[in-house]
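S.K.: From the sequence below, what's the structure:
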Amino acid sequence: MTAPAQTEDDDSTATLDEALVYALELHQKQRLDGAEELYKRILEVAPEHPDVLHFLGVLMHQRGRDGESIALIQRAIALMPEHVGCHINIGNVLAESGRLEEAAAAYRHALSLQPDQADVFNNLGVVHKLQEQWREADECYRRAIELNPQHVSAYNNMGLLFAAQGRIKEAVEYYCRSIALMPGNPDSRRLLGIAYYTLGRIEEAAEVFRQWLEEAPDHPVAKHMYSACSGKDVPARAADDYIEHTFDRFAESFDAQLQERLSYKAPEIVTEALGKVLEATAAQLDILDAGCGTGLCGPLLRPFARQLSGVDLSGGMLAKAEAKQCYDALEKAELTAYIGARKDSYDAIVSADTIVYFGPLDEVFQASHDALRHGGVLVFTVEKGEGKVAEDVGYAINPHGRYAHTRGYLRAAFARAGLAAGEMIEVALRSEGGEPVMGWVVTAQKP
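M.R.: Below you'll find the predicted structure:
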């Protein structure tokens, strides 16, 4: 670690050293409020303390305040331009903010200072893959593996690179290598299962998840994905621990991954649908963003809202949503229970890509009916069930773990809940494996 900035006397320097050590302890224990306060107090005394600027920048990124994070780490770099960690961390923040060219430049600078870093080659490969620079990504992952033949993440990322190019069999090979290196690695198991069901080899995917579940019987992803691929013990909706585990891990890269790699359109789709139903209502509505995630809908819904609230099960996602500073209230809770406790509270409930984690919808529709005011609107997206779902049931879980619903089922469920069905428009929600994922954008109204 770089030595702390000198102050007027040795006692002051010692005090700063002690304060920094304590701040780092708080930071490492994820006690972010205390760490942030202490970092800022040190900067009041030593405003150009490079280590504190660096670590506070990392903390700001953890809080989802990436603009502040980048500015702080840039100040640290100006003070210690050959500090490899600063270049790596600013590369991480830039990459997760979607500023891929700048991220690549930061990683390359770190490698110019210290060229034998397998992790940095791995990170640079991820950036090249997001830019669809396949050859460059391939070279980076191979270099990471050459430097560290036990680099499990680089093997998984090489598999993801092949999968993105439709080379699924080669992807399977790398996932298997990763599992051989670290048999208990959950990411490798998950990715291998995904590769098999992408190939249409659903039984083999189910076997991957069965073996994983046998070794880790309480792992929420293993449990959910085994049900999805085998059809056994399928839950009525995705369990809370599955949602929390999946989306907490995905929170840092969620926006960039969905918008840049998967052409994610659900926020724009639901907002446009809301605007068609409730015209000329700028800043007049009380709106709930149900399953708000990182808040991608927030900036789009804000012009409609007098009061904009968000609810989600993932604390990691909510931290990112809070950083967007467009919600009046954000709460961590299960969707149906939260909505059901708020009778006559909303003019609109909007849900982008969240109802896909529910099978039967009667409870969530009834809760929405009760939470809406008269004339209030429910707008959401679901995946298309026609051609994949038995019409007499109307919904089913897909091997990827999300549920699909038919229009007939949706209309019947609306009627049972006392909601009047509106438009159901077929749309492409995202792309996966180079193919569009088709769904419905659906509106319903409380009479």
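S.K.: And the strands in this structure?
M.R.: For the chain, applying DSSP state E gives strands covering 285-290, 305-312, 329-332, 346-351, 372-384, 395-397, 403-405, 420-432, 435-445.
S.K.: Break the chain into its domains for me.
M.R.: Following automatic domain parsing, the chain resolves into domains at 150-234, 250-445.
S.K.: closest one to Glu82 among those domains?
M.R.: domain 150-234 (25.1 Å; CB to CB). (Each C-beta comes from the backbone N, C-alpha and C, glycine too.)
S.K.: tell me the mean pLDDT for the closest one?
M.R.: The average pLDDT for domain 150-234 rounds to 93.
S.K.: that older thread, need the domains of the chain in CSV with mean neighbour count and distance to Ala110, can you?
M.R.: Listed next are the domains of the chain as CSV, based on neighbours: other CB atoms under 10 Å; distance: least, CB to CB, whole Å:
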stretch, mean neighbour count, distance to Ala110
domain 150-234, 19, 16
domain 250-445, 19, 19
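S.K.: Where does the prediction get shaky in the chain?
M.R.: Residues of the chain meeting the criterion pLDDT under 70: 1-14, 251-263, 279-282, 433-434.
S.K.: Minimum distance to Ala105: which of the domains of the chain has it?
M.R.: domain 250-445 (16.7 Å).
S.K.: returning to what we had before: take the strands of the chain and lay them out in JSON lines including distance to Arg31.
M.R.: Putting these into JSON lines (distance: least, CB to CB, whole Å) gives the following:
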{"stretch": "strand 285-290", "distance to Arg31": "29"}
{"stretch": "strand 305-312", "distance to Arg31": "23"}
{"stretch": "strand 329-332", "distance to Arg31": "18"}
{"stretch": "strand 346-351", "distance to Arg31": "33"}
{"stretch": "strand 372-384", "distance to Arg31": "37"}
{"stretch": "strand 395-397", "distance to Arg31": "39"}
{"stretch": "strand 403-405", "distance to Arg31": "38"}
{"stretch": "strand 420-432", "distance to Arg31": "37"}
{"stretch": "strand 435-445", "distance to Arg31": "40"}
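S.K.: Looking at the ones you listed, which is nearest to Pro115?
M.R.: So among the strands of the chain, strand 420-432 is nearest, using CB to CB, at 36.1 Å.
S.K.: rewinding a little: which among the strands of the chain is found nearest to Ala154?
M.R.: Here strand 420-432 is closest among the strands of the chain (CB to CB), at 23.2 Å.
S.K.: and the angle from the closest one to strand 435-445?
M.R.: In terms of direction (axes from the mean of the first three to the mean of the last three CA atoms, to 10 degrees), strand 420-432 departs from strand 435-445 by 160 degrees.
S.K.: List the neighbouring strands of strand 420-432 plus their orientation.
M.R.: strand 435-445 (antiparallel) (DSSP bridges).
S.K.: Is it correct that Leu130 is in contact with Arg99?
M.R.: No - taking contacts as CB atoms under 8 Å, Leu130 lies outside contact range of Arg99: 10.9 Å.
S.K.: returning to what we had before: dump the domains of the chain into TSV; add distance to Ile73 as well.
M.R.: Formatted as TSV, the domains of the chain follow (distance: least, CB to CB, whole Å):
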stretch	distance to Ile73
domain 150-234	23
domain 250-445	16
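S.K.: Mind checking these for the one nearest to Arg75?
M.R.: domain 250-445 (20.0 Å).
S.K.: nearest spatial neighbour of Phe414, skipping sequence neighbours?
M.R.: With CB to CB, 6 or more residues apart in numbering as the criterion, Phe414 has its nearest non-adjacent residue at 4.6 Å, and that residue is Ala421.
S.K.: In this structure that neighbour contacts Leu410, no?
M.R.: Yes - Ala421 is in contact with Leu410 according to CB under 8 Å; the separation is 7.1 Å.
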